[in-house]
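[1] Generate a structure from the sequence data that follows.
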Amino acid sequence: MKILSVIVAHPLRKVSGATNAGLELSAATAGLVDLEVAIMWDSAGVEQAGNLTKRYFECTNRLGSLERFAPRFIKVPLYDSDIPAMIRRGAFDIVHLHNLIPTFAAERIANACRRHGVPYVISTHGFIELSRYAEINGFGPVKSLLIDFVLTRPFRRIVAGAERLFALSDCEFGLLHDMGVKQSKIDVVTNGVNEFYLDAPTPLETEDVRKRFVSREGVPVLLFMGSLHAYKGVGTFLASLKGIKGPFQAIVAGRFKDPNEPQMLMDKAQVPASIRQHIHFTGGVTNEELRALYHLAHLFVYPTAGDTLPLVVLEAMACGCPVLSTTVGGIPFAVPAECGILVRPNDSAAVVEAANSLLAAPDRRQAMGIAGRKRIKSVFRWHLSAQCAVEGYERVVGCVAAIA
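    As a prediction, the model looks like this:
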């Protein structure tokens, strides 16, 4: 059984939770079956990592030389690659798609599979976001129509042609049913955690991060980590801080597009000046820095309005940090009541209430951290997900053989 794992991406966002998850699952699965990965990237190349061959395909853009003048929402859908040609030449038994943005590029890959009789499966990274992209981003009527054309419709066509769907959790069954996917075509192949986060940071790493990002010693640290897109909940996090009882330190970890973005985010969230001095925006962080932040934090606060199964929640749990998040996507699957508190999205008052209750109960936080780490170790491991993926591949091969 020969598998091609395809990670659809674009140069403006090569690295994301979906691309990381696709690479992690591919690496774990390559130890069980003959699998290689093709990745849309900003340059071409080949890399060998253990059993896994990674083939990078340079992205092109249909705008050509005009690309640099186009706004992001115009040029992103027009990125493409030569991965369809690899499918034509490769004699693969199955293609496994990870991430579907840019959707036109993903659809070309799906169409190449159909033309050459190669069944494809899809992991549902980003499906919650993709299914209601215009809504969660607050787009107006004109931009929503454009999103329907360049994202929603091709997304649904790609899903309709898949042989199987690898859901990240059972929380997606309703969404997939609404998209016309039969229950018999769904397997749960959840996300795992990079084993790196199950190890403790070194004392030097912890002390370095403490000196750089923690300005108030001896007070609770509230950590947000993620993309600073509005729907990820950074605004809700910032707006909630004015209701936190007692002294605290807030850290917002995540890359921002320009130096003025932190100020704009705090202005939009109407954060009082007295609180702003206790908020630290880190910008992009390394894995070592992030792991140390999870260990230093008293509470991981991630009030997202649009996620399928975010890796940051799993990473925080792996580091023993209690979680305050939302009832969005597969987060309830990952975070049962003993591991954290989940609230409605876009509800800063609920975040305030939950955060204050946890900050006042250190024993409860500690118990949640222990329970979360235990759940990660027993459920969210890439080698377990790889075994589930192989079982799904075998079902596909069996169905194709039966039809033949």
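[2] For the chain, which element, helix or strand, carries the lowest mean pLDDT?
    helix 72-75 (a mean of 83; mean pLDDT, DSSP states H and E).
[3] so what secondary structure elements neighbour the following helix or strand past it?
    Going down the chain from helix 72-75, the next helix or strand is strand 79-80, by DSSP states H and E. Contact here means 3 or more CB pairs under 8 Å, 6 or more residues apart in numbering; DSSP states H and E; on that basis strand 79-80 packs against strand 60-61, helix 103-115. Placement of C-beta: from N, CA and C, glycine included.
[4] Figure out which of those is closest to residue 297.
    Proximity of the helices and strands packed on strand 79-80 to residue 297 was assessed by CB to CB; the nearest stretch is helix 103-115, lying at 35.5 Å.
[5] so what does the helix or strand just after that closest one touch, helix or strand wise?
    Note on helix 103-115: by DSSP H and E, the next helix or strand toward the C-terminus is strand 120-123. Where contact means 3+ CB pairs under 8 Å, 6+ apart, strand 120-123 is packed against helix 17-29, strand 94-98, helix 103-115, strand 164-167, helix 382-403.
[6] Can you lay out the helices and strands packed on strand 79-80 as TSV showing mean pLDDT and distance to residue 314?
    As requested, the helices and strands packed on strand 79-80 are exported to TSV (pLDDT from 0 to 100; distance: least, CB to CB, whole Å):
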stretch	mean pLDDT	distance to residue 314
strand 60-61	92	33
helix 103-115	96	25
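[7] Adding mean neighbour count and distance to residue 128, write these out as JSON lines.
    Formatted as JSON lines, those follow (neighbours: other CB atoms under 10 Å; distance: least, CB to CB, whole Å):
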{"stretch": "strand 60-61", "mean neighbour count": "17", "distance to residue 128": "27"}
{"stretch": "helix 103-115", "mean neighbour count": "20", "distance to residue 128": "15"}
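[8] Out of these, flag the one nearest residue 260.
    Among these, strand 60-61 comes nearest to residue 260, with 27.4 Å by CB to CB.
[9] hang on, the earlier thing: pipe the helices and strands packed on strand 120-123 into CSV and attach distance to residue 136 per row.
    Shown next, in CSV, are the helices and strands packed on strand 120-123 (distance: least, CB to CB, whole Å):
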stretch, distance to residue 136
helix 17-29, 16
strand 94-98, 21
helix 103-115, 16
strand 164-167, 19
helix 382-403, 26
